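Participant: no FASTA, just this:
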């Protein structure tokens with residue numbers, strides 16, 4: 001199993017980024033996918049979840065990002081996305097992609113920094 005995140009970077013408050021997580025080594029369409037984040041000195045927190053199945057799978061977004069972030073997936077590309085709009089300094093964190101196949105698998109993370 002391999003998860004590779006990309007798309008992080010430095011953005012000003014109010015800006016947007018789209019994170020991608022390319023997955024391999026398992027039947028991608030059969031598993032729910034998650035995005036987590038971890039800010040310095042804080043515990044890792046769940047940001048968003050998308051269920052298995054087609055691109056219109058059900059989703060969950062944490063209250064802190066609801067209305068600003070959107071999780072989606074493309075099963076043809078084995079990729080899950082996190083569209084982040086109206087970014088705030090509090091969104092600064094390392095963002096991780098996650099899948100549970102009996103055990104947890106994590107990507108290496110991608111840094112998102114929101115600062116003027």
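Facilitator: That came through fine. Nothing here was measured: the structure is a model prediction, and the numbers come from that model. Numbering: from 1, shown residues only.
Participant: state the phi and psi torsions of the nearest residue to residue 9 once chain neighbours are set aside.
Facilitator: Spatial nearest neighbour of residue 9, chain neighbours left out: residue 17 (6.4 Å); criterion: CB to CB, 6 or more residues apart in numbering. All C-beta atoms are positioned from the backbone trio N, CA, C, and that covers glycine. Per-residue torsions, residue 17: phi -140, psi 150 (degrees, to the nearest 10).
Participant: now residue 17, which residues is it bridged with?
Facilitator: residue 84 (DSSP bridges).
Participant: likewise for residue 72?
Facilitator: residue 81.
Participant: could you do residue 111 as well?
Facilitator: Here residue 111 shows beta-bridge partners residue 94, assigned using DSSP bridges.
Participant: quick revisit: verify the contact between the residue nearest to residue 9 and residue 112 for me.
Facilitator: Yes. Contact criterion CB atoms under 8 Å: residue 17 and residue 112 qualify, at 6.3 Å.
Participant: identify the contacts common to these two.
Facilitator: 8-9, 11, 84, 87 (CB atoms under 8 Å, 6 or more residues apart in numbering).
Participant: for these, give me JSON lines that also has distance to residue 76.
Facilitator: Shown next, in JSON lines, are the shared contacts of residue 17 and residue 112 (distance: CB to CB, whole Å):
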{"residue": "8", "distance to residue 76": "24"}
{"residue": "9", "distance to residue 76": "26"}
{"residue": "11", "distance to residue 76": "28"}
{"residue": "84", "distance to residue 76": "23"}
{"residue": "87", "distance to residue 76": "28"}
